[in-house]
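Peer 1: how does the following fold in three dimensions:
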Amino acid sequence: MDGLVQIRRRPGASETTPTDKVNRGGARVYVETFGCQMNEADSALIVGQLQRSGYQPVPRPDDADVILINTCAVREKAEERVYGRTSQLLAHRRHNPDLVIGVTGCMAEHLRDKLTTRAPHVQLVAGPDSYRRIGELVDRARAGERAIDVSLDKTETYTGLDGVSQDDGVSAFVTIQRGCDKFCTFCVVPYTRGRERGVAPREVLRQVRQSAAAGYREVVLLGQTVNSYRYEGVSFADLLRATAEIDGIERIRFTSPYPIDFSDAVIEALAHEPKLCPYVHLPVQSGSDRMLTAMKRGYSRGEFMRLVTKLRHAVPDIALSTDVMVGFCGETEADHAETLSLLQEVQFDSAFMFAYSDREITYASRKLVDDVPPEIKQRRLREVIERQEHYTRQSHDRRVGQIETVLINGPSKRNDCLVGRTGRFQNVLLPLDAGASGDLVARRITRSSGHSLDTR
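Peer 2: Sure thing, here's the model as predicted:
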């Protein structure tokens, strides 16, 4: 076990930890999530573990005695949002002076002491491998101590611990792999989540069966490089087929695969297993071979394009999304032009696009120079977004007039309608009488926008 485990007592606190005097009964906890779907799954794990420890989950921070922010450290903007959010939450201490505010997840692991220095009102800091002990850490924080556990565990997969989801009850997140061995030069994940380790297939399938029994229609298999999964001879393709055999689950998705680990067996499963959604998120990061080498991605533009061709040949109607980073160390206008041309060549259905931000402890932070000025990063980002939005609109327009099978999520938070998703992971608006949450309904697409399809 590596890392840091500390229990810091506040001035005047007893040397003995009075956690046995902490009354858990009725104590309410609220968990707020920033970041990826892996964090959503981890938040459910935290809630489940705290519930088993005697705490009561609540849906709003106003009602909580303990507020935990589960965080992301992939980009600087996400960290700044967390600092701002913890400051906002201080207002709740006006009516609850004993309120405990804690930070969990990748930011907790990444920043450690810096977090409590900049945000001294944070009483609990727990990294992604500390959730088995989250009940004890909360107890200690409520007893007046500052509780910090950011130890990395080379074997922790949380086998046997079930999460308690607070979402729509339609899609279940099942983590099949934790950590990452890729060590891309820009990425902090191997340092915050540790080395790659897989969850035993029997445990994965147990969780999928449990999700089906609870009424979930869709399961999302999660891993930092999910398709590199292997456990005692069981490959990712094997696991996909076994998951598809479970009754009650109608749709299977997975995220995020790594391009060089995309096997022919997985492509074959996508082509022939009807429960597997015709959708793949395939992060490319850059269209420049020079930048891909600097990022240590392990593939060339040509190799990425050959994978795209194979996927589209095997699954002609497949939807592809991606991640694109602009402004990485040393990126020139020629490199940027290569990224724009790749977007034109592939025409992804959607993309997550962002400007590079230096992450402490990564190879890029230690060895490379963040030499692209902020204004140039932002200009390049605007150009990438503008180009991709054109292809996203085209992708949506092509669905108009077609009948799509839509999994209903529930009522929209913005409009007087229902929202759902197609198998290609496109958002759909439906009339209120179209069905109930969890229903799979066939609907004709009547119009489209840049962000959704409409069946009303």
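
Peer 1: ok, residue 396 - contacts?
Peer 2: Shown in contact with residue 396 (Cβ atoms under 8 Å, 6 or more residues apart in numbering): 426, 448, 449, 450, 452, 453. The C-beta positions use only the backbone N, C-alpha and C, and glycine is treated the same way.

Peer 1: if I look at it, how far off is residue 292?
Peer 2: Distance, residue 396 to residue 292, using Cβ to Cβ, to the nearest Å: 29 Å.

Peer 1: got it, and residue 163?
Peer 2: Using Cβ to Cβ, one gets 36 Å for the distance from residue 163 to residue 292.

Peer 1: show me where the stretch 201-350 of the chain has strands.
Peer 2: Assigned by DSSP state E, counting those that start in this stretch, the stretch 201-350 of the chain shows strands spanning 218-222, 230-231, 234-235, 251-255, 279-281, 319-326, 350-355.

Peer 1: kindly reformat those strands as CSV containing mean pLDDT, mean neighbour count and distance to residue 421.
Peer 2: What follows is those, written out as CSV (pLDDT from 0 to 100; neighbours: other Cβ atoms under 10 Å; distance: least, Cβ to Cβ, whole Å):
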stretch, mean pLDDT, mean neighbour count, distance to residue 421
strand 218-222, 97, 24, 8
strand 230-231, 97, 18, 29
strand 234-235, 98, 16, 27
strand 251-255, 98, 22, 9
strand 279-281, 99, 23, 9
strand 319-326, 99, 22, 11
strand 350-355, 98, 20, 12
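
Peer 1: how many neighbours does residue 365 have?
Peer 2: Here the number of neighbours of residue 365 (other Cβ atoms under 10 Å) works out to 15.

Peer 1: so it: helix, strand or coil?
Peer 2: The three-state label given to residue 365 by DSSP: H, G, I helix; E, B strand; the rest coil is helix.

Peer 1: contacting residues around it?
Peer 2: For residue 365, the contacting residues are 358, 359, by Cβ under 8 Å, 6+ apart.

Peer 1: so what pLDDT did it get?
Peer 2: pLDDT for residue 365: 97.

Peer 1: re the thing from before, could I get the strands of the stretch 201-350 of the chain as JSON lines with distance to residue 185?
Peer 2: Converted to JSON lines, the strands of the stretch 201-350 of the chain look like this (distance: least, Cβ to Cβ, whole Å):
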{"stretch": "strand 218-222", "distance to residue 185": "24"}
{"stretch": "strand 230-231", "distance to residue 185": "25"}
{"stretch": "strand 234-235", "distance to residue 185": "28"}
{"stretch": "strand 251-255", "distance to residue 185": "22"}
{"stretch": "strand 279-281", "distance to residue 185": "21"}
{"stretch": "strand 319-326", "distance to residue 185": "11"}
{"stretch": "strand 350-355", "distance to residue 185": "16"}
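
Peer 1: indicate which one of these is closest to residue 340.
Peer 2: Evaluated with Cβ to Cβ, those place strand 319-326 nearest to residue 340, the distance being 9.7 Å.

Peer 1: and the contacts of that closest one?
Peer 2: 186, 278-286, 308, 311-312, 336, 339, 343, 346, 348-356, 377, 380-381, 384, 388, 395, 424-426.

Peer 1: of the residues you listed, buried ones?
Peer 2: Buried by 16 or more other Cβ atoms under 10 Å: 186, 278-286, 308, 311, 336, 339, 343, 346, 348-351, 353-356, 377, 380-381, 384, 388, 395, 424-426, out of the contacts of strand 319-326.

Peer 1: among the contacts of strand 319-326, which ones are in helices?
Peer 2: 308, 311-312, 336, 339, 343, 346, 377, 380-381, 384, 388, 395 (DSSP state H).

Peer 1: which one of the residues you listed is nearest residue 112?
Peer 2: Residue 112 lies nearest to residue 377 out of these, by Cβ to Cβ, at 27.6 Å.

Peer 1: please name the nearest non-neighbouring residue to residue 319.
Peer 2: Once flanking residues are discounted, residue 319 sits nearest to residue 424: 3.7 Å by Cβ to Cβ, 6 or more residues apart in numbering.

Peer 1: returning to what we had before: quick one: closest of the strands of the stretch 201-350 of the chain to residue 145.
Peer 2: strand 218-222 (32.7 Å).

Peer 1: could you pull out the helices for this protein?
Peer 2: For the chain, the helices defined by DSSP H cover 37-52, 76-89, 106-111, 113-118, 134-142, 189-193, 201-213, 236-244, 264-272, 289-295, 301-314, 333-346, 363-367, 374-397.

Peer 1: return the most buried member of the ones you listed.
Peer 2: Stretch with highest mean neighbour count among those: helix 106-111 (a mean of 26; mean count of other Cβ atoms under 10 Å).

Peer 1: and it, how far out from the chain middle?
Peer 2: Relative to its chain's centre, helix 106-111 lies at 15 Å (Cα atoms, centre = their mean, to the nearest Å).

Peer 1: sorry, back to before: so which of the helices of the chain is nearest residue 222?
Peer 2: helix 37-52 (5.2 Å).

Peer 1: ok, back up a step: I'd like to know which of the contacts of residue 396 are buried.
Peer 2: Using 16+ other Cβ under 10 Å, the buried members of the contacts of residue 396 are 426, 448, 452, 453.

Peer 1: tell me the contacts of the last one?
Peer 2: To tie it back to what came earlier, the one meant is residue 453. By Cβ under 8 Å, 6+ apart, residue 453 lies in contact with 396, 399, 400, 404, 422, 426, 427, 428, 429, 445, 447.

Peer 1: sort out for me which of those are in strands.
Peer 2: Among these, the ones falling in strands (DSSP state E) are 404, 422, 427, 428, 429, 447.
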